[in-house]
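S.K.: here is my input, please return the structure:
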Amino acid sequence: MPLFGELFVSELLNMPVLDPKGDELGRVKDLVVIKGDPLPRVSALILEEKKKRYCIEWENVGIFNKRIISSKVYSPRVEPYEPSDDILLIVRDIFDKQIVDADGAKVVRVNDVQLEGKKDHACINGVDVGFRGILRRLGIERKSERLYEILGKTLPQHIIRWSFIQPLEPRLSKLSLTIPRKMISDLHPADIADIISKVPHEQGIAFFKGLDPSVAAEALPELAPDLQKMIIEDIDKDYASEVVERMPPDEAADLLADLEKEKAKELLDSIEEEDAQDIQELLVHEEDTAGGLMTNEFIAYPPELTIQEAIDRFKVDAHDVESVYYIFIVEKEKLIGITTLRDMILHSPDLPLSDIMETKLKTVSPESNQRIVAEIMSKYNLLAIPVIDENADMLGIVTVDDVIDFLLPQASRKKRRSI
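M.R.: Numbering: from 1, shown residues only. This next block holds a predicted model:
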């Protein structure tokens, strides 16, 4: 039965493995990993002797620790072995790979792998993503510890438990790991986008595909337009449709405007008609206008509605609207006033909205230049400004975050076009 405590894979590499007589079978070059419950476990050791590779199954391992590794088999019984691409090896497939530290919301690199004994098995307990792991790989961890002690400091340990990481390499999916998806979903969309942006395209796609469509819909607009385009063109059409359908219409319109016309039409045809219509309405506007910045998601109520009735409706309607800054008062689709939640709470619930609405309105037309829109919103300290046509019909709103995005662009937008 193997005898070992907690150790690191780098401490085992190039260690001799002895047969029952004490003769050397070879030196450790890698470890084979298979799915385990609850953690992945080592199923075999890969040895090298005279430039040939051999495999010893875990059940044939005797003593197993950082000082000695012994085998139950003799040298003549060890068969030559060449690892295939279908198995998972720690050194070949996990060392130096990028993973998501879900707890820290960042991408890190695996410098070492920590093993722990559980029920006669060596299981992957965690990964070392810190400087100590690099020093251990170089064989100078102990010397570095002494140097830190002389300086009155402690060499930090940065171990991430395996249950708290998200593998990015497709190969690692062979472990069928139970990923803490809720932890990923709880990350801010900007953090998720930052993770996707910092890894190679293939890894970013693999990570994105693992997201819940609702989470993906929030994260996708945070990415640069060219990366959004690459992802949507790469993922399955049904999943892409689910994501686009859950995006705010203005963000979805920006995305579809960057796609090839045929691809954009395919996605529009595959989502619900009402959502597709909202997006199509926005696609007709040029990107440097109020129409190009606006969203047609807003809350509007008739003037005769009482404050209490409006509040009751708001509790239902607000779930489907990304940003709610004002309540717009419309009559036969024409904008006649505006109010806020604060005003509704401070007044009697029996009053109609027409009694508390502000009628001196600041508005823009869909053709208004985006810089003009930004100047008006800045001058009057507006969180959102309504966009109306020549008949005073309300078309949408430009929100303050859209103006900030325009003033501090992450990347240039393409002009929108009808599909």
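S.K.: could you tell me which strands sit next to the top strand by length along the chain in the sheet, and their orientation?
M.R.: Longest strand in the chain, counting residues (DSSP state E): strand 24-34. Using DSSP bridges, the strands paired with strand 24-34 in its sheet are strand 16-18 (antiparallel), strand 41-49 (antiparallel), strand 88-89 (antiparallel).
S.K.: looking at these, which one has the lowest mean pLDDT?
M.R.: Of all the strands paired with strand 24-34, mean pLDDT reaches its minimum on strand 88-89 (a mean of 86).
S.K.: tell me which helix or strand comes right after that one.
M.R.: Toward the C-terminus, strand 88-89 is succeeded by helix 90-93 as the next helix or strand (DSSP states H and E).
S.K.: so what's the model's average confidence on that next one?
M.R.: Helix 90-93 shows a mean pLDDT of 90.
S.K.: and the helix or strand just after it, what's its mean pLDDT?
M.R.: Once the chain leaves helix 90-93, the next helix or strand it forms, by DSSP H and E, is strand 98-101. Strand 98-101 carries an average pLDDT of 72.
S.K.: quick one: strands adjacent to the helix or strand that strand 98-101 is followed by?
M.R.: Following strand 98-101 in sequence order, the next helix or strand is strand 106-109 (DSSP H and E). If you go by DSSP bridges, strand 106-109 pairs up with strand 98-101 (antiparallel).
S.K.: how about stretch 386-393: buried residues?
M.R.: The neighbour-count check on stretch 386-393 (16 or more other C-beta atoms under 10 Å) flags 386-388, 392 as buried. Any C-beta I mention is one placed from the backbone N, CA and C, and that applies to glycine too.
S.K.: closest one of those residues to residue 269?
M.R.: Closest approach between the buried residues of stretch 386-393 and residue 269, by C-beta to C-beta: residue 387, at 27.0 Å.
S.K.: which residue ranges of the stretch 201-350 of the chain form helices?
M.R.: Remark: helices assigned in the stretch 201-350 of the chain by DSSP state H, counting those that start in this stretch are 201-209, 213-219, 225-234, 237-246, 249-258, 261-270, 273-283, 290-293, 307-317, 341-346.
S.K.: so can I have a markdown table of those showing mean neighbour count, mean pLDDT and distance to residue 111?
M.R.: Shown next, in a markdown table, are the helices of the stretch 201-350 of the chain (neighbours: other C-beta atoms under 10 Å; pLDDT from 0 to 100; distance: least, C-beta to C-beta, whole Å):
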| stretch | mean neighbour count | mean pLDDT | distance to residue 111 |
| --- | --- | --- | --- |
| helix 201-209 | 18 | 80 | 18 |
| helix 213-219 | 20 | 91 | 28 |
| helix 225-234 | 17 | 90 | 28 |
| helix 237-246 | 19 | 92 | 34 |
| helix 249-258 | 24 | 89 | 37 |
| helix 261-270 | 16 | 90 | 41 |
| helix 273-283 | 17 | 87 | 45 |
| helix 290-293 | 28 | 90 | 45 |
| helix 307-317 | 15 | 94 | 50 |
| helix 341-346 | 13 | 92 | 51 |
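S.K.: could these be laid out in CSV, adding distance to residue 24?
M.R.: Formatted as CSV, these follow (distance: least, C-beta to C-beta, whole Å):
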stretch, distance to residue 24
helix 201-209, 39
helix 213-219, 52
helix 225-234, 49
helix 237-246, 52
helix 249-258, 60
helix 261-270, 60
helix 273-283, 67
helix 290-293, 71
helix 307-317, 74
helix 341-346, 77
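S.K.: ok, which of these comes nearest residue 155?
M.R.: Across the helices of the stretch 201-350 of the chain, the minimum distance to residue 155, taken as C-beta to C-beta, is reached by helix 201-209, at 29.9 Å.
S.K.: what's that closest one packed up against?
M.R.: Where contact means 3 or more C-beta pairs under 8 Å, 6 or more residues apart in numbering; DSSP states H and E, helix 201-209 is packed against helix 189-197, helix 225-234.
S.K.: OK, contacts around residue 46?
M.R.: Neighbouring residues of residue 46 by C-beta atoms under 8 Å, 6 or more residues apart in numbering: 28-32, 53-55, 81, 83, 89.
S.K.: flag every buried residue along the host helix or strand of residue 376.
M.R.: Assessed by DSSP H and E, residue 376 sits inside helix 370-379. By 16+ other C-beta under 10 Å, the buried positions in helix 370-379 come out as 370, 373-374, 376-377.
S.K.: now stretch 19-35
M.R.: Residues of stretch 19-35 classed as buried: 19, 25-33 (neighbour count, 16+ other C-beta under 10 Å).
S.K.: just checking, residue 306 touches residue 354?
M.R.: No - counting by C-beta atoms under 8 Å, residue 354 is not a contact partner of residue 306; they are 10.1 Å apart.
S.K.: could you identify the helix or strand that succeeds the helix holding residue 376?
M.R.: Counting by DSSP H and E, the next helix or strand C-terminal to helix 370-379 is strand 384-388.
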